[in-house]
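K.L.:
With the input below, show me the fold.
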Amino acid sequence: MKNVAKTIAANTFTEHSAYFADFYRLFHRITRINNGQFGKVVYVTSATAGEGKTTVASFLSITASMSSHNFYLLIDGDVHRPTIHERFNCPRENGLTELLLGEGEPGDLIYKSAFRGLHVITAGKSVPNSFQLFSVERTRELLAEMRRYYEIIVIDGPPLLPVSDSLKLAQVADGTILVVKAGQTPREVAAHAVAILKEADLPLWGVVLNDTGEVLPYYYQPKYYDAHYYQKAKEEAQ
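P.N.:
Reported below is the predicted structural model:
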């Protein structure tokens, strides 16, 4: 993969930021699940829009890069409502869409962020039929090359329930992190999302609960709800 000269502007998230420890625990939970294996793909999604999945995907990727000397990749897979390019201050054009269409090489379309070891692929141009764009076979081929270079690849995907692309992207990942917003996501909606992953036999690696309190501009406070809420969601799904 070619060296990338482009640099993304610095963010304000640091090791001293509020809730860094929460993302640090999430990162190490993922590495434990993988038994330290290299080149794993983590899919971050939510049941519906506006639950904070992009915040979780971004902070997880940044935390990983701060916690290790390996390299990490954040991919904006939400071509319907992409925001990774805004958060990392880089162009949306020439990203995932172009790679899937064969209109560019990974080494030419990867941005190097201000965080050591963290690279970014933006969503790319809009397409009229994104469902056809996300061929499982083609996406797996693309990720297979990238797995050789990155310890963990994080995909920020579209919400699971309203967007058909989301399940196809989940199929190419090793595991999924589901993001739920406190006070907004009904339990039955979260349960439906869990059921969709379960029916497709896709591993759910964890659930992150986002509170409504802001801690950074347009970012939400992350907290975990593992056993209690997750068990209720599974019961609703059955």
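
K.L.:
L142 contacts P106, correct?
P.N.:
Yes: L142 is within contact range of P106, at 7.4 Å (criterion: Cβ atoms under 8 Å). In short, each C-beta sits where N, CA and C put it, glycine included.

K.L.:
what residues do those two have in common as contacts?
P.N.:
Residues touching both L142 and P106 (Cβ atoms under 8 Å, 6 or more residues apart in numbering) are L99.

K.L.:
so where is this protein shaky, pLDDT-wise?
P.N.:
1-14, 16, 18, 130-131, 211-238 (pLDDT under 70).

K.L.:
would you list every one of the helices in the protein?
P.N.:
Secondary structure of the chain, counting by DSSP state H: helices at 20-33, 53-67, 84-87, 96-100, 106-109, 130-133, 136-147, 165-171, 187-199, 227-237.

K.L.:
residues near the spatially closest residue to V120 that is not a sequence neighbour, how many?
P.N.:
Excluding the flanking residues, the one nearest V120 by Cβ to Cβ, 6 or more residues apart in numbering is Y111, at 4.6 Å. For Y111, the number of neighbouring residues by other Cβ atoms under 10 Å comes to 23.

K.L.:
from here on, count from 58
P.N.:
Renumbered: residue one is now 58, and that last one reads Y168.

K.L.:
how much space between Y168 and G107?
P.N.:
Note on Y168: its distance to G107, by Cβ to Cβ, to the nearest Å, is 26 Å.

K.L.:
swap in P148?
P.N.:
Applying Cβ to Cβ to P148 and G107 gives a distance of 24 Å.

K.L.:
Would you check how far apart Q94 and V101 are?
P.N.:
19 Å.

K.L.:
swap in V136?
P.N.:
Applying Cβ to Cβ to V136 and V101 gives a distance of 15 Å.

K.L.:
What residues of stretch 150-163 count as buried?
P.N.:
For stretch 150-163, burial by neighbour count (16 or more other Cβ atoms under 10 Å) applies to 151-157, 161, 163.

K.L.:
whoops, stretch 169-188 was the one
P.N.:
Within stretch 169-188, the residues scored as buried using 16+ other Cβ under 10 Å are 169-170, 172, 174-181, 187.

K.L.:
what residues are up against the closest residue to I141 other than its chain neighbours?
P.N.:
Distance criterion Cβ to Cβ, 6+ apart; nearest residue to I141, sequence neighbours excluded, is D133 at 3.6 Å. By Cβ under 8 Å, 6+ apart, D133 lies in contact with 139-142, 152-153, 177-180, 213.

K.L.:
Mind picking the two most distant members of the buried residues of stretch 150-163?
P.N.:
With Cβ to Cβ as the measure, no two of the buried residues of stretch 150-163 lie farther apart than T154 and P163, at 13.2 Å.

K.L.:
Got the phi and psi for the closest residue to L153 other than its chain neighbours?
P.N.:
Distance criterion Cβ to Cβ, 6+ apart; nearest residue to L153, sequence neighbours excluded, is G181 at 5.0 Å. Note on G181: its backbone torsions stand at phi 90, psi -170 [degrees, to the nearest 10].

K.L.:
For G181, which residues are in contact?
P.N.:
Applying Cβ under 8 Å, 6+ apart to G181 gives the contacts 136, 149-156, 166.

K.L.:
Now tabulate those residues in TSV and tack on distance to D231.
P.N.:
What follows is the contacts of G181, written out as TSV (distance: Cβ to Cβ, whole Å):
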residue	distance to D231
V136	21
R149	27
E150	29
N151	27
G152	22
L153	18
T154	23
E155	24
L156	20
L166	23
